[in-house]
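Student: the sequence isn't on hand, but the structure is:
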């Protein structure tokens, strides 16, 4: 189930591989590829890489019938606002 994609450490190759994996793999594996994205911290990515990471997350949620729920303790609203602020400063 895409072990090379999950093991890739090069950012560009890893994001490209994960995008292909998300597009082709069974949606039951979504938690695995979403966890694999954690090895590419958002703050360390270029603008293009950030957009690709967001594209992978978006496609993952589109592919899922029942999206993985974000834990009640997560700061998803503040994280979304933070991402928007960062993106607006970089463009």
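Tutor: Thanks, I have the structure now. Just so we're clear, the structure is a prediction, and the values are computed from it rather than from any experiment.
Student: only C-alpha atoms from now on, for both contacts and neighbour counts.
Tutor: Will do.
Student: residue ranges for the helices of this structure, please.
Tutor: 3-7, 11-24, 30-36, 47-63, 76-90 (DSSP state H).
Student: can I get these in JSON lines including mean pLDDT?
Tutor: Shown next, in JSON lines, are these (pLDDT from 0 to 100):
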{"stretch": "helix 3-7", "mean pLDDT": "76"}
{"stretch": "helix 11-24", "mean pLDDT": "89"}
{"stretch": "helix 30-36", "mean pLDDT": "80"}
{"stretch": "helix 47-63", "mean pLDDT": "89"}
{"stretch": "helix 76-90", "mean pLDDT": "62"}
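Student: pick the most buried one from the ones you listed.
Tutor: With neighbours taken as mean count of other C-alpha atoms under 10 Å, those reach their highest mean count in helix 11-24, at a mean of 18.
Student: tell me the angle that helix makes with helix 47-63.
Tutor: 20 degrees (axes from the mean of the first three to the mean of the last three C-alpha atoms, to 10 degrees).
Student: and helix 11-24, what other elements does it pack with?
Tutor: helix 3-7, helix 30-36, helix 47-63 (3 or more C-alpha pairs under 8 Å, 6 or more residues apart in numbering; DSSP states H and E).
Student: distance to residue 16 added to those, as TSV?
Tutor: Listed next are the helices and strands packed on helix 11-24 as TSV, based on distance: least, C-alpha to C-alpha, whole Å:
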stretch	distance to residue 16
helix 3-7	8
helix 30-36	12
helix 47-63	8
